[in-house]
Every structure is written in structure tokens, then in C-alpha cells.
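K.L.:
Fold the following for me, if possible:
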Amino acid sequence: MIQSRLSRLVDDAALHVEGLLPPARRGLVPLALDAAEAAAIGDFPAAARISLTVGADRALIRRLELPAGTDIRRAVPIWLEDASPWAPGSYLWDAAQTATPGVWQVAMVPVAPLRLLEDRLERCGSSLAEVRLQPTDGAGFTFRPDLAGRARLRKRLIALAGGIMALGLGLLLWQVPSALAARAIAANAASEMARLQENGTLGAATAAVLSLQNDKLGTPDLAARLGFLASRLPTDTWLLHLGLEGNRFTLSGRSSAPEAIIPALSSADGPLSAQRVDFDGPMARDIQNGLFSFTVTGEFAFRGAKE
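P.N.:
Have a look, this model is predicted:
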């Protein structure tokens, strides 16, 4: 840490000493930003390193008070997050200490016009070596990129990506118990199905007991009732609703000849028949397909009932 801070102090000192030398002594060609923007490309110096001077009207200068011994290269970028009207990385800044101890002047310039000028200089083989500002009070500024601001921006993006990954991992862990519970339910259902298949004889015996109870109560079993309705309804009849409650049934659907439904159900012979079959409400004819909507009610009559 001490070596890193010492390196920063040396860099600042070198930058300050270099800024005291005239541009010509450092092999730089001076150029004013206002004049460069109005000049044609042919008027630019060719294959030169440019020392660009920015007028005070193109910069933003703020006053900053810091405790003695503060690391200016760390403190200023943090302060600029609130003081600068531009986003981190879109401006250059420099700080100069005033005659008052602990009081600094911080100057900022946007990089957008500088980048346009750099593009024009590159066409002439020249490059932008430095950007300087000379305010009226005599304090000189040599701007540097907001590298610390860019580093903080990268750290924030990394933190955001880490947060998104953590959120995704949390959702995954939250869904794992539900998935395991669903798998357990499916496994239990499959096990129960296998057990019922192995105990097929028990199922047959249970069906026989239920059939015997239906015989005693005079109520046909479900398979018999469904088979009776399916075999007796006309072929041009389509059911949309079937209701079974004890011995009573309700049929709703569509038919091209609904008048044939009641005779077909009532004229059945055998151990199972239907009685009191009638329409429940009026019939309505669909103009588009010509089918009639109907609702029929009735009761099953089981001749095998025990007295």
C-alpha cells in the first residue's frame, strides 16, 4: 500500500513539474480548442503532439474543502459522483490547491468535443498529448481521465451481476423442495397403481360385492347405466352433458332428430330400462348446422332388484 501511494505521489509530482514547462520545451504544439473547432483539417499541424488549451468558459470549476493529508486522487473522484453533471468516464478532471490550506479548486471538462477533435487530428497524423486550462486566477489545470470513476462503475456492474446470479440461485433452491415433493407424489401414485395391479383379485372381489349391493338396492352399477345409454341413443345424437344421481339421469346435447330419443330410451327391454323419460324444457334449432339442442331427464328401472 505504501509503495502504491508513493507511486501516485511521484506521478503527481512529475505531472506538476511537467505542467510548469512550456509546451514547446516538451515537444508539443499548442492549440486552442475554440480555434481548432473553427479550423479546417488542412490547417492542423501534421504529425505533431498537441497541447490543447481549453477556455474557462468550456470548463466547470468547483470549490472543495478536504482535511489535511487527504489522498486527492481518491477523494476527488468520489466527490465528483455528486458534483459532476456528467456520467463517470465522460469527463476529464484536475484539482489545484489554493492558497488556503485544505481548499482545492476542481475543474472538469466534457470529453465529447475532445473526441471529435481527436478524430480530426488523426487524419493529419497528429495526436492529443494533453488538455490544459488556464483560469483567470492563475491556477493551472492539466486534465486526466476519470479512471477511478470507471473502476467504480465496473465494480458496480460486477456487483449487479453477482446479485442477479445470487437471486437466480436462490430461486432455484426455493424451487427444489417443490420439485422433490412433486416427484415424491408421482412415485407414491405409481407405487399405489402397481399395488392395485398386483391385487387384481381383490379388485374383482370388491366389484362383485358392489354388484351384489346394487342388486339388493335395486340400483344398477355405473358401467351398466353408461352402457345402456350408449346403446340406446340414436346415432345422430351427440351428448354435451351427462348427469347421474341415483337412478335418475339427465342428458343434454344436440341431435338432428330429437323426437327419436324418448322412444329409443323407453322401448328398451332386458334387465335395465328407462322410465319417465321426457324433455326438460323446449328445444332450440341452430340455423347454421340444423341441429336441435335438447335436455332429457328420466329414471333407470332395474328389473333384477330384490324385494
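
K.L.:
can I assume Glu130 is in contact with Ser51?
P.N.:
Yes. With contacts counted by Cβ atoms under 8 Å, Glu130 reaches Ser51, the gap being 5.3 Å. (Each C-beta comes from the backbone N, C-alpha and C, glycine too.)

K.L.:
Find residues that contact each of the two.
P.N.:
Here Glu130 and Ser51 have Leu28 as joint contacts, going by Cβ atoms under 8 Å, 6 or more residues apart in numbering.

K.L.:
Stretch 119-127: end-to-end distance?
P.N.:
End-to-end distance of stretch 119-127 (Cα to Cα, to the nearest Å): 9 Å.

K.L.:
Just give me how far it sits from the chain centre.
P.N.:
44 Å (Cα atoms, centre = their mean, to the nearest Å).

K.L.:
Also stretch 72-90?
P.N.:
32 Å.

K.L.:
which of the residues in it are buried?
P.N.:
Of the residues in stretch 72-90, 72-73, 75-77, 79-80, 84, 86, 88, 90 count as buried by neighbour count, 16 or more other Cβ atoms under 10 Å.

K.L.:
Stretch 272-284 too?
P.N.:
Across stretch 272-284, burial judged by 16+ other Cβ under 10 Å covers 272-274, 277.

K.L.:
With distance to Thr235 and secondary structure as added columns, please give these in CSV.
P.N.:
Converted to CSV, the buried residues of stretch 272-284 look like this (distance: Cβ to Cβ, whole Å; DSSP: H, G, I helix; E, B strand; the rest coil):
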residue, distance to Thr235, secondary structure
Leu272, 20, strand
Ser273, 20, strand
Ala274, 18, strand
Val277, 18, strand
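
K.L.:
Helices of the stretch 1-150 of the chain, residue ranges please.
P.N.:
Secondary structure of the stretch 1-150 of the chain (DSSP state H, counting those that start in this stretch): helices at 2-20, 33-38, 72-83, 112-123, 147-198.

K.L.:
pLDDT of the last one, averaged?
P.N.:
So that's helix 147-198. For helix 147-198, mean pLDDT rounds to 68.

K.L.:
what's the closest residue to Ala36 other than its chain neighbours in contact with, if anything?
P.N.:
Nearest non-adjacent residue to Ala36, counting by Cβ to Cβ, 6 or more residues apart in numbering: Leu117, 5.6 Å away. Contacts here follow Cβ under 8 Å, 6+ apart; on that basis Leu117 touches 33, 36-37, 52, 128.

K.L.:
Secondary structure class of the closest residue to Leu242 other than its chain neighbours, three-state.
P.N.:
Spatial nearest neighbour of Leu242, excluding adjacent residues (Cβ to Cβ, 6+ apart): Leu251 at 6.2 Å. Assigned by DSSP: H, G, I helix; E, B strand; the rest coil, the conformation of Leu251 is strand.

K.L.:
With Ala39 as the reference, measure out to Leu251.
P.N.:
95 Å (Cβ to Cβ, to the nearest Å).

K.L.:
Name the residue in the two with the higher neighbour count.
P.N.:
Leu251 (22 against 13; other Cβ atoms under 10 Å).

K.L.:
Any idea what the more buried one is bridged to?
P.N.:
Leu242, Val296 (DSSP bridges).

K.L.:
Contacts only, for it.
P.N.:
Leu251 makes contact with 229, 233, 239, 241-243, 261, 294-297, according to Cβ under 8 Å, 6+ apart.

K.L.:
repeat that with 7 Å
P.N.:
Residues in contact with Leu251 (Cβ atoms under 7 Å, 6 or more residues apart in numbering) are 239, 242, 296.

K.L.:
Now list the buried members of those residues.
P.N.:
Among the contacts of Leu251, those buried by neighbour count (16+ other Cβ under 10 Å) are Val296.

K.L.:
can you redo the contacts of Leu251 as JSON lines with pLDDT and distance to Gly140?
P.N.:
As requested, the contacts of Leu251 are exported to JSON lines (pLDDT from 0 to 100; distance: Cβ to Cβ, whole Å):
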{"residue": "Leu239", "pLDDT": "87", "distance to Gly140": "96"}
{"residue": "Leu242", "pLDDT": "89", "distance to Gly140": "96"}
{"residue": "Val296", "pLDDT": "93", "distance to Gly140": "103"}
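
K.L.:
Give me the pLDDT for the residue nearest to Ala36.
P.N.:
Looking at Leu117, its pLDDT stands at 85.

K.L.:
Could you check how far it is from Phe294?
P.N.:
Distance of Leu117 to Phe294, computed by Cβ to Cβ: 88 Å.
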